[in-house]
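K.L.:
below are the sequence and a predicted model; questions follow.
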Amino acid sequence: MYRDNTLIPSEAIRLLALGMLASAPLSYAALAREVRHFTGRIVGPSLDLVGAPLEVLKVEGLVDTVDAGAEGEEATLTVTDQGRSEMLRLLAANVRPQVSDLNKLIIALKMRFLHLMPVEDQKIQAELLHDICERELARLNDLREHHATEGGHLRDWLDLEVAQTRARLDWLAGLHGRLA
């Protein structure tokens with residue numbers, strides 16, 4: 001993790017793999033395929049997100065094979081208790097306030113696996129994301145006001161960004177309400 005308790009790219013991949021296995025056992029090949037598919041659809045092809053092989057999860061005791069004798073890509077993997085603890089630790093990580101491809105991926109992972117956390121922890125995560133969104137809205141409004149008298153299309157683009165951020169803020173408030 002970074003110093004601010006946010007995930008590095010390899011931890012985002014680790015969270016994705018552990019969350020998928022916590023939801024249902026998968027073969028190594030299917031897990032690798034699903035990890036590539038999810039990350040590719042959220043952030044596009046990214047060399048930054050090519051993490052350590054998923055086999056490391058097995059070596060670290062975070063996943064185990066369901067069928068004891070099976071090996072290789074067709075062995076069915078499941079998350080261990082230690083892996084579930086690691087997944088919950090990664091799910092609880094902070095999110096950086098600026099918009100980036102990695103943040104989009106981390107927020108998507110939180111939304112995908114939030115239901116695996118205790119409800120109180122889900123509420124904390126919803127509040128964290130709501131606070132980040134509020135800071136983002138303040139930053140955008142400040143930028144918008146600073147450039148209020150300039151020509152060009154910046155103000156229109158900022159209006160769009162503000163509207164999207166407000167919609168996200170409302171959605172997160174609704175999520176928190178549904179968790180209450």
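P.N.:
Perfect, I can see it now. Numbers count the residues shown, from 1 in each chain.
K.L.:
just the helices in this structure please.
P.N.:
Along the chain, the stretches classed as helices by DSSP state H are 9-23, 28-43, 55-59, 81-91, 101-113, 119-146, 154-179.
K.L.:
reformat those as a markdown table; add mean neighbour count, distance to residue 3 and mean pLDDT.
P.N.:
In this view, the C-beta of every residue, glycine as well, is placed from N, C-alpha and C. Below are these laid out as a markdown table (neighbours: other CB atoms under 10 Å; distance: least, CB to CB, whole Å; pLDDT from 0 to 100):
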| stretch | mean neighbour count | distance to residue 3 | mean pLDDT |
| --- | --- | --- | --- |
| helix 9-23 | 22 | 14 | 91 |
| helix 28-43 | 16 | 23 | 87 |
| helix 55-59 | 15 | 23 | 86 |
| helix 81-91 | 18 | 16 | 94 |
| helix 101-113 | 19 | 15 | 90 |
| helix 119-146 | 16 | 17 | 92 |
| helix 154-179 | 14 | 25 | 94 |
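K.L.:
quick one: which of those is nearest residue 67?
P.N.:
Residue 67 lies closest to helix 28-43 among these, at 11.8 Å (CB to CB).
K.L.:
so what does that closest one touch, helix or strand wise?
P.N.:
helix 9-23, helix 101-113 (3 or more CB pairs under 8 Å, 6 or more residues apart in numbering; DSSP states H and E).
K.L.:
and the last one, how far from the chain's centre?
P.N.:
Translated: helix 101-113. 2 Å (CA atoms, centre = their mean, to the nearest Å).
K.L.:
can you check stretch 22-29 too?
P.N.:
Relative to its chain's centre, stretch 22-29 lies at 18 Å (CA atoms, centre = their mean).
K.L.:
kindly export it (C-alpha atoms) in PDB.
P.N.:
The C-alpha trace of stretch 22-29 is given here as PDB (Å, rounded to 0.1, in the frame of the first residue of the first chain):
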ATOM      1  CA  ALA A  22     -14.800 -15.400  -2.200                       C
ATOM      2  CA  SER A  23     -17.900 -15.300  -4.400                       C
ATOM      3  CA  ALA A  24     -17.300 -18.700  -6.100                       C
ATOM      4  CA  PRO A  25     -14.500 -21.100  -6.700                       C
ATOM      5  CA  LEU A  26     -12.900 -20.800 -10.200                       C
ATOM      6  CA  SER A  27     -10.200 -22.500 -12.100                       C
ATOM      7  CA  TYR A  28      -6.900 -20.700 -12.400                       C
ATOM      8  CA  ALA A  29      -7.500 -20.200 -16.100                       C
END
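K.L.:
still on that earlier bit, just send the helices and strands packed on helix 28-43 back as CSV, with distance to residue 60 too.
P.N.:
Below are the helices and strands packed on helix 28-43 laid out as CSV (distance: least, CB to CB, whole Å):
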stretch, distance to residue 60
helix 9-23, 9
helix 101-113, 19
